[in-house]
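Undergrad: return a 3D structure for these sequence lines:
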Amino acid sequence: MTTLTGTMALTRLAARGDRVRLTLWVLGLSVFVGVTTALWADQLSSSQDLLQEARLAAASPGIRMLGLASGASVGAYAMIRNYVLLTVLAALMSIFTVVRHTRQGEETGRSELLGAGAVGRYAELAAALVVTLVADAALAVALGVSMAVAGQPAGGSFAFGAAVGAVGVVFSCVAAVTAQLSSSTRGASGSAAGVLGAAFLIAGTSNMSGDVDPTGVRVESTWPAWLSPIGWGQQMRPFAGDNWQVLLLCIPTALICVALAALLTSRRDFGLGMVPQRQGHARAPRTLRTGFGLAWRLQRGALAGWCLAMLGFGLIMGGMVEQVQSVTGSGRDWYERVGGSTQILDAYRASMLQMAAMAAGVYVVQVLLRMASEEANGYLEPVLATATSRTRWAIGHALTAAIGAAILLAAFSTGAAVAGGAVLGGTAHQLRTLLGAAITQLPAVLAVAAAVFVLVALLHRRAAAVAWAFLILSILAGPLFGPTFGMPPWAQNLSPLTHAPRAPAMEVTMAPLLALTVAVVLLVLSALTWLRRRDLALPA
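TA: Okay, here's the model as predicted:
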């Protein structure tokens, strides 16, 4: 027996357990890329439009924070708009997968049962990395195929996919290290996510402080960009050079992380991390006696991270108002069509808030799916053994999702108002306008949450896959993408996001808000009724 004995068996076990989850990740991201690339190819049909957008991206510090301008082509524009989002999601996919099959296995006791058999010391870690690396490779190929099908050059398309997949590989190895350092699943995932956030900030600030070349469509980053895995993919310049040799930087980084993870695995005690857990307070606050207090305590860290992200997103989008006012051609037509107004500034703000509502929708799905996770993993049983009822437990999670969504929309609006006020003036007026418009988006987000609440009550174990699919379809059929893709009105009306008023571009009417509110109440009552009557899905 060696330290890797049982690796293949554990790899098959991990792949079987994650076959649906990872397939949805890969297909979802690749479809998103193909759809958005085809959308931009249709919008930016002329070379003049592409040149204008490329110069805008190179000149705007906010856009440079999110993407690196490399030229005037549809592929280069897609790199600016999609790359950072895709790398963050690919990294999160890799982090969650590695942590789930290492630290979470020890936390739940699954690894202890497996270790009682003929399993080597490094087998579980090796199996987690193999499954994750295969998923990252599949994602890279799927993204390349998706962009090529959307009409982009094959070389740039697969360079784009490889850049995203390489970031996933690096952060799978980073997660392998944090899983040895932390004693909890949450700590391991949070530490790896912190490294991801630092990588984003380093790459973004390096792009912002870079120089624009004489053509006005290409930005040369400063040297710190070479310290970030996210920056490496941008320096590959897909669709503008395809510098594949940059990816060689990922190999030694990944190998060093894997070697460090293996060393830490051999030095630590089973079930514990190298960094000792912080001791909790001797007495729990009174708020933890309620379902809402417990749910809020569990979600407050994630909500804080989301708030910072939404505030930064608002600052970036709000700082672009001056450049947006000068947009012409098909870009202006798109904003007017989506925003529902010929006033470009109001139309742009309406589209901004629609994007914020989509992000808030992702948050509420994440919060509510924790209910299914607590039930499936057995954490719900001890909670219900107290004076807490199923209804109070479920309402606690629902209130946490609703309050969190409102806070996120407010954070985005505040950031957009502050940045827009710094450019155009009238910060107080912009804040009132955007906060009022954000409130009109909240019922649509709550309708998404209520639908997911029903799915958790009905499907419990299968709720995650169906809930994420529902959210993706709601976004694609929503006000930003539905009309652009030419979806029939009945299909667009199936998305709750479609029915939110397009404030501040259009006058707000109460009828859709009342209809959404009534739908939310009915769905929540239905979910609570079903949850009280069915048996719990206890772990086997």
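
Undergrad: for stretch 226-244, which positions count as buried?
TA: Taking 16 or more other Cβ atoms under 10 Å as the neighbour-count basis, stretch 226-244 is seen to contain the buried residues 228-242. Heads up, the C-betas are built off the backbone N, CA and C, glycines and all.

Undergrad: and the residue positioned nearest the centre of the chain, what does it touch?
TA: Most central residue of the chain, judged by C-alpha distance to the mean C-alpha position with Cα atoms, centre = their mean, is Leu89 at 5.4 Å. The contact partners of Leu89, taken as Cβ atoms under 8 Å, 6 or more residues apart in numbering, are 25, 29.

Undergrad: what strand or helix carries it?
TA: Leu89 belongs to helix 74-100 when elements are defined using DSSP states H and E.

Undergrad: tell me the buried residues in that helix?
TA: The neighbour-count criterion (16+ other Cβ under 10 Å) identifies 74-100 as the buried residues of helix 74-100.

Undergrad: could you point out the helix or strand that follows that helix?
TA: Downstream of helix 74-100, the next assigned helix or strand under DSSP H and E is helix 103-108.

Undergrad: out of the buried residues of stretch 226-244, which one sits closest to Trp40?
TA: Phe239 (12.4 Å; Cβ to Cβ).

Undergrad: show me where the chain has strands.
TA: Ranges of strands in the chain, per DSSP state E, are 211-212, 219-220.

Undergrad: deepest in the core, which of those is it.
TA: strand 219-220 (a mean of 18; mean count of other Cβ atoms under 10 Å).

Undergrad: ends of stretch 109-123, how far apart?
TA: Its first and final residues considered, stretch 109-123 spans 16 Å by Cα to Cα, to the nearest Å.

Undergrad: may I see the buried residues of it?
TA: For stretch 109-123, burial by neighbour count (16+ other Cβ under 10 Å) applies to 111, 114-115, 119-123.

Undergrad: out of those residues, which are inside helices?
TA: Taking DSSP state H, the ones among the buried residues of stretch 109-123 that sit in helices are 111, 114-115, 123.

Undergrad: nearest to Leu523, out of these: which one, please.
TA: Using Cβ to Cβ, Ser111 is the member of these that lies nearest Leu523, at 38.8 Å.

Undergrad: find me the pLDDT at the closest one, would you?
TA: Reported pLDDT at Ser111 in the predicted model: 75.

Undergrad: burial measure for the closest residue to it other than its chain neighbours, as a count.
TA: On the basis of Cβ to Cβ, 6 or more residues apart in numbering, the spatially nearest residue to Ser111 that is not a chain neighbour turns out to be Gly105, at 3.9 Å. Counted with other Cβ atoms under 10 Å, the burial measure for Gly105 works out to 22 neighbours.

Undergrad: Gly105 reaches Gly115, doesn't it?
TA: No - assessed by Cβ atoms under 8 Å, Gly105 is found out of contact with Gly115, at 9.6 Å.

Undergrad: what is in contact with those two at once?
TA: Glu124.

Undergrad: for the lengthiest helix in the chain, what is the distance to the chain centroid?
TA: As far as residue count goes, and with DSSP H defining each element, the longest helix of the chain is helix 7-43. For helix 7-43, the gap between its own C-alpha mean and the chain's C-alpha mean amounts to 14 Å (Cα atoms, centre = their mean, to the nearest Å).

Undergrad: stretch 218-232 too?
TA: Between the centre of stretch 218-232 and the centre of its chain there are 22 Å (Cα atoms, centre = their mean).

Undergrad: now the end-to-end length of that stretch.
TA: 16 Å.

Undergrad: domain ranges for this structure, per the record?
TA: The record's domain split for the chain, according to automatic domain parsing, is 1-274, 298-535.

Undergrad: of all those domains, which lies closest to Ala284?
TA: Judged by Cβ to Cβ, the one of the domains of the chain that comes nearest to Ala284 is domain 298-535, at 12.2 Å.

Undergrad: for the record, mean pLDDT for the closest one?
TA: For domain 298-535, the mean per-residue pLDDT is 85.

Undergrad: stretch 91-101 now?
TA: Within the predicted structure, the mean pLDDT of stretch 91-101 is 91.

Undergrad: now it - C-alpha only, PDB.
TA: Extracted as PDB, the C-alpha positions of stretch 91-101 are listed here (Å, rounded to 0.1, in the frame of the first residue of the first chain):
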ATOM      1  CA  ALA A  91     -12.200  29.600  -9.900                       C
ATOM      2  CA  LEU A  92     -15.200  29.300  -7.500                       C
ATOM      3  CA  MET A  93     -16.200  26.100  -9.300                       C
ATOM      4  CA  SER A  94     -12.700  24.700  -8.700                       C
ATOM      5  CA  ILE A  95     -12.500  25.900  -5.100                       C
ATOM      6  CA  PHE A  96     -15.900  24.400  -4.100                       C
ATOM      7  CA  THR A  97     -15.100  21.100  -5.800                       C
ATOM      8  CA  VAL A  98     -11.700  20.600  -4.100                       C
ATOM      9  CA  VAL A  99     -13.000  21.700  -0.700                       C
ATOM     10  CA  ARG A 100     -16.000  19.500  -1.000                       C
ATOM     11  CA  HIS A 101     -13.900  16.400  -1.500                       C
END
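
Undergrad: and of the ones in helices among the buried residues of stretch 109-123, the nearest to Leu303?
TA: Comparing every one of these with Leu303 (Cβ to Cβ), the shortest separation belongs to Ser111, at 30.0 Å.
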